[in-house]
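# Pasted the sequence and its predicted model underneath.
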Amino acid sequence: MKKQLSRFIAVGIVTAAIDYSLTMILNALGLHRQWSKVVGWIFGTIAAYLLNSRYTFNAAVSGRKALAVFVLYASTFAIQNLLWWLTDAPLQALGFDGIIKNTISFVIAQGVATLTNFILQRTLIFRVSPPAETPAESESR
């Protein structure tokens, strides 16, 4: 599990950088804050699914797993965007604005979504089956 978690974190850093970069660039170019986050999330999520399937969980990309991951990502999308939206006003009230406010919002939303995502992917989608019993083991019972 440690190996998977460290790989998951490495993939998460790379894909969060994709998400963050696109979000900040699009927002700086004038796209609404929420829509910028949506676009960043979509591209980061596609990269995360492909990298985690192969590199973290060593699983083949399949339609069934892709559908399960899509449902999971839709829920983490809701969590992440809700936190992104909810942190806006309190951070402004604390005197944060612009890229500093958006970065703090991003870190909070991304952190909660990443933790949720790992736990659910590990337990529901890419769960590890216990090793099969060998004939010698079953005879010794």
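Arrived safely.

# use CA for all of it now, contacts and neighbours both
OK.

# Could you find the closest non-adjacent residue to residue 101?
Excluding the flanking residues, the one nearest residue 101 by Cα to Cα, 6 or more residues apart in numbering is residue 91, at 6.2 Å.

# Can you tell me the element the residue positioned nearest the centre of the chain falls in?
Closest to where the C-alpha atoms of the chain average out (Cα atoms, centre = their mean) is residue 114, at 4.5 Å. Here residue 114 is covered by helix 98-120, with elements defined by DSSP states H and E.

# picking up where we left off before, can you tell me how far the residue nearest to residue 101 is from residue 99?
To residue 99, residue 91 is 12 Å away according to Cα to Cα, to the nearest Å.

# if we can go back for a sec, what is the burial count for the residue nearest to residue 101?
Using other Cα atoms under 10 Å, residue 91 has 16 other residues around it.

# So which residues of the protein form helices?
2-28, 33-51, 63-86, 88-93, 98-120, 135-139 (DSSP state H).

# Tell me which of those lies nearest to residue 57.
helix 2-28 (6.7 Å; Cα to Cα).
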